[in-house]
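Asks: sequence and computational prediction follow.
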Amino acid sequence: MGPTEMYIDGARVGAADGRTFDTLDPATGSVLASVPRGAAADVDRAVTAARRAFDDGTWGAAVAERERSRILLRMAELVRDRFDELVELEVRDCGKPLADARGDIDEVAFMFEYYGGWATKISGDIPPVGPDAMSLVVKEPVGVCGLIVPWNYPMLMAAQKVAPALAAGCTVVLKPAEQTPLTALRMAEIAETAGVPAGVFNVVTGYGPEAGEPLLTHPAVDKISFTGSRDVGIHIQRTCAAQLKRVTLELGGKSPNIVFADADMTGAIPGTCAGVFGNQGEVCSAGSRVFVERSIYDDALAAMTAEAAAIRLGSGLDPATTMGPLVSAEQRDRVLGYVDVGRSEGAHLAFQGDVPTDPALANGYFVAPAIFEATSNDLRIAREEIFGPVMTVIPFADVDDVVRLANDTEYGLAAAIWTRDISRALRTAKAVRAGVVWINDSQPAPSESLWGGYKQSGIGRELGPYALDAYLETKQIYVNLGGR
């Protein structure tokens with residue numbers, strides 16, 4: 001499993017009180033490793049180290065932009081050097097299939113390359129203020145950043161925050177999800193080997209109320225970046241408001257997936273299913289509300305159930321597996337609860353949605369994909385984020401009807417539109433209130449572009465140059481050139 005202790009101020013350490021907790025293999029329910037159960041004292045140690053490293057210039061002043069760039073590029077090289085072991089570690093810790101984990105770890109390496117390039121390109125401006133003065137607008141790092149990441153893309157989401165924060169000159173305390181801490185701990189080892197100075201990058205493992213909460217309230221933390229559920233995001237915003245702490249929130253979604261009658265079904269059907277069932281449905285942008293034009297509804301539903309029937313459940317380490325287990329018994333029970341809710345609301349279960357009967361899967365947290373046939377967008381299964389392989393298919397009449405249905409949600413993270421008519425595609429894309437809209441595709445998230453949502457799907461943007469803004473302050477330096 002590699003290192004399993006926390007990483008604070010350049011050293012591997014246990015929890016101050018000696019407590020640990022187990023991280024489990026979701027495919028078998030067996031213990032992978034015991035890791036420190038961090039709490040307030042451990043968070044304080046990590047924040048104090050990060051504060052010192054920021055204030056004394058360990059990362060910002062002593063390590064110039066070119067050296068920060070080189071270090072991030074070395075981190076990318078080390079990720080690639082350890083690619084296979086990182087892939088296996090991710091599969092064992094969160095359950096996803098090998099192919100998915102390979103894509104994730106490859107993108108982790110690219111993120112460190114991408115932001116390594118940006119470290120030397122953060123610049124300001126000189127706006128005109130008249131002949132007798134000069135105004136210099138400069139960008140400076142925010143300071144100490146608390147980074148809290150979820151369990152569905154453990155290393156990818158960590159890199160998504162760590163890489164731009166380090167490129168901007170910030171120091172960080174990373175708090176991984178308690179279900180999936182192992183690749184975050186391995187990232188600390190990679191950072192140290194690459195030359196990140198002690199105190200700049202720290203990892204504290206533990207539960208949200210014990211390790212996450214002290215990070216929110218610590219007065220020496222300048223910024224919190226969180227990816228996770230809407231309800232936790234609301235709590236974080238309220239808590240950080242007491243100190244006017246800067247906050248970036250990437251929260252949940254209930255994304256519409258719109259299939260028009262003229263869509264190329266050879267792409268729309270597998271793309272729609274991948275957008276719901278990929279990563280076991282544990283995706284914040286999952287297109288789980290599928291709207292199909294009424295004239296093709298029956299045929300599309302039949303094709304989607306056939307696509308779901310071809311999914312093979314199993315251990316993520318089996319190359320033949322196309323859907324792994326959910327991350328925990330708690331998440332499995334939550335998803336099964338929503339399948340029961342859908343039945344009780346009167347939606348027709350067109351495909352499965354149960355625990356598989358294969359004895360080889362009995363100890364894991366597996367749930368077969370579920371497809372509900374529905375006539376209303378008002379059902380709970382169509383309004384609440386399930387975070388599992390559950391699809392709700394609803395018919396629509398025309399563009400105006402589907403735009404109304406798509407926007408009838410408190411979320412606004414993503415949307416997908418399938419049609420051969422580019423005018424219809426763009427008109428619909430402009431009308432749908434979501435931060436990311438795909439046309440004839442579902443779920444691509446290139447690191448060079450942006451990520452983030454409207455409404456209750458979050459605050460701020462990640463990825464691309466947009467992520468750097470979350471870790472930078474903007475300062476004006478006004479110079480009187482001798483005039484009055």
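Replies: Yep, that arrived. Everything quoted here is computed from the prediction, not taken from an experiment.
Asks: quick one: stretch 52-67 to chain centroid distance?
Replies: Between the centre of stretch 52-67 and the centre of its chain there are 28 Å (C-alpha atoms, centre = their mean, to the nearest Å).
Asks: what's the span of it, first residue to last?
Replies: Its start and end residues considered, stretch 52-67 measures 20 Å (C-alpha to C-alpha, to the nearest Å).
Asks: mind listing residues that contact it?
Replies: With C-beta atoms under 8 Å, 6 or more residues apart in numbering as the contact definition, stretch 52-67 has outside contacts at 68, 71, 119-120, 122, 141, 143-144, 166, 169-171, 196-200. Placement of C-beta: from N, CA and C, glycine included.
Asks: now the closest residue to Leu426 other than its chain neighbours: phi and psi?
Replies: With sequence-adjacent residues excluded and distances taken as C-beta to C-beta, 6 or more residues apart in numbering, Leu426 is closest to Ile439, at 7.7 Å. Main-chain torsions, Ile439, degrees, to the nearest 10: phi -120, psi 120.
Asks: repeat for Trp451
Replies: phi -150, psi 130.
Asks: next, count neighbours for it.
Replies: Neighbour count of Trp451, defined by other C-beta atoms under 10 Å: 24.
Asks: I'd say it and Pro444 touch.
Replies: No: in this structure, Trp451 is not within contact of Pro444 by C-beta atoms under 8 Å, at 10.6 Å.
Asks: my guess is the residue nearest to Leu426 contacts Ala425. True?
Replies: Yes: with contact defined as C-beta under 8 Å, Ile439 and Ala425 form a contacting pair (4.7 Å).
Asks: quick revisit: narrow the contacts of stretch 52-67 to those in strands?
Replies: Mapping these onto strands (DSSP state E) picks out Pro141, Val144, Thr171.
Asks: for the last one, what are its contacts?
Replies: What that stands for is Thr171. Contacts of Thr171 by C-beta under 8 Å, 6+ apart are Ala50, Arg51, Ala53, Phe54, Thr58, Trp59, Gly143, Val144, Cys145, Gly199, Val200, Phe201.
Asks: any idea what it is bridged to?
Replies: Counting by DSSP bridges, Thr171 is bridged to Val144.
Asks: now do it, the pLDDT please.
Replies: Note on Thr171: pLDDT of 98.
Asks: can you tell me the SS state at the residue nearest the centre of the chain?
Replies: The residue lying closest to the centre of the chain (C-alpha atoms, centre = their mean) is Met157, at 4.7 Å. Using DSSP: H, G, I helix; E, B strand; the rest coil, the three-state assignment for Met157 comes out as helix.
Asks: give the closest residue to it in space, chain neighbours not counted.
Replies: Of all residues not flanking Met157 in the chain, Val149 sits nearest, at 4.2 Å (C-beta to C-beta, 6+ apart).
Asks: what does Leu215 give?
Replies: Leaving aside its sequence neighbours, Leu215 sits nearest to Gly146 (C-beta to C-beta, 6+ apart; 4.1 Å).
Asks: one more: Gly2?
Replies: Once flanking residues are discounted, Gly2 sits nearest to Arg186: 5.1 Å by C-beta to C-beta, 6+ apart.
Asks: distance between stretch 192-211 and the chain's centre?
Replies: 18 Å.
Asks: quick one: average pLDDT of that stretch?
Replies: Mean per-residue pLDDT for stretch 192-211: 98.
Asks: hey, C-alpha coordinates of that stretch in CSV?
Replies: Taking Å, rounded to 0.1, in the frame of the first residue of the first chain, the C-alpha atoms of stretch 192-211 are listed here in CSV:
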residue,chain,number,x,y,z
GLU,A,192,8.7,15.2,-1.5
THR,A,193,10.8,13.3,-4.0
ALA,A,194,10.2,16.0,-6.6
GLY,A,195,11.6,18.7,-4.3
VAL,A,196,8.6,20.3,-2.7
PRO,A,197,10.0,21.9,0.5
ALA,A,198,8.8,20.8,4.0
GLY,A,199,5.7,22.5,5.1
VAL,A,200,4.5,23.4,1.6
PHE,A,201,2.4,20.3,1.0
ASN,A,202,0.7,18.5,3.9
VAL,A,203,-1.8,15.6,4.1
VAL,A,204,-4.1,15.0,7.1
THR,A,205,-6.3,11.9,7.0
GLY,A,206,-9.4,11.4,9.0
TYR,A,207,-13.2,12.0,9.2
GLY,A,208,-14.9,15.2,8.2
PRO,A,209,-16.1,16.3,11.6
GLU,A,210,-12.8,15.5,13.3
ALA,A,211,-10.2,16.6,10.6
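Asks: and it, which residues are buried?
Replies: Neighbour-count burial for stretch 192-211, with 16 or more other C-beta atoms under 10 Å as criterion, is recorded at 192, 194, 196-206, 208, 210-211.
Asks: contacting residues around Ala15?
Replies: Listed by C-beta under 8 Å, 6+ apart, the contact set of Ala15 reads Met6, Pro36, Arg37, Gly38, Ala39, Asp42, Gly206.
Asks: strands along the stretch 151-300 of the chain, start to end?
Replies: 171-175, 201-203, 223-227, 246-250, 256-259, 289-293 (DSSP state E, counting those that start in this stretch).
Asks: can you list those in CSV and add distance to Glu282?
Replies: Converted to CSV, these look like this (distance: least, C-beta to C-beta, whole Å):
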stretch, distance to Glu282
strand 171-175, 19
strand 201-203, 22
strand 223-227, 12
strand 246-250, 15
strand 256-259, 17
strand 289-293, 17
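Asks: out of those, which gets nearest to Val13?
Replies: Evaluated over those, closeness to Val13 peaks at strand 201-203, with 10.0 Å, by C-beta to C-beta.
Asks: list the contacts of that closest one.
Replies: Contacts for strand 201-203 (C-beta under 8 Å, 6+ apart): 6-9, 46, 49-50, 162, 166, 171-176, 184-185, 187-188, 191-192.
Asks: beta partners for the residue nearest to Leu463 when sequence neighbours are not counted?
Replies: Distances taken as C-beta to C-beta, 6+ apart place Trp451 nearest to Leu463, at 4.4 Å, with adjacent residues excluded. The residues listed as beta-bridge partners of Trp451 by DSSP bridges are Glu462.
Asks: show the pLDDT at Trp451.
Replies: For Trp451, pLDDT reads 97.
Asks: report the contact partners of Val172.
Replies: Neighbours of Val172 in contact, by C-beta under 8 Å, 6+ apart: Ala50, Val144, Cys145, Gly146, Leu147, Lys161, Val162, Ala165, Leu166, Val200, Phe201, Asn202.
Asks: likewise for Val43?
Replies: Val43 makes contact with Val173, Val204, Ala211, Pro214, Leu215, His218, according to C-beta under 8 Å, 6+ apart.
Asks: and for Ser447?
Replies: Ser447 neighbours (C-beta under 8 Å, 6+ apart): Glu107, Phe110, Met111, Tyr114, Gln160, Leu463, Gly464.
Asks: before we move on, what about Ala310?
Replies: Shown in contact with Ala310 (C-beta under 8 Å, 6+ apart): Thr322.
Asks: pLDDT below threshold where in the protein?
Replies: Low-confidence segments of the chain, defined by pLDDT under 70: 62, 483-484.
Asks: show me the domain layout of it.
Replies: Using automatic domain parsing, the domain parsing of the chain gives 6-251+458-477, 256-446.
Asks: can you pick the most crowded of the contacts of Ser447?
Replies: Tallying neighbours with other C-beta under 10 Å puts Met111 at the head of those, with 28 neighbours.
Asks: can you list the residues that contact the helix or strand containing that one?
Replies: Using DSSP states H and E, Met111 sits in helix 98-118. With contact meaning C-beta under 8 Å, 6+ apart, helix 98-118 is reached by 68-73, 75-77, 79-80, 83, 86-88, 90-91, 96, 153, 155-156, 159-160, 163-164, 166-167, 278-279, 316-319, 321, 447-448, 465, 467-468.
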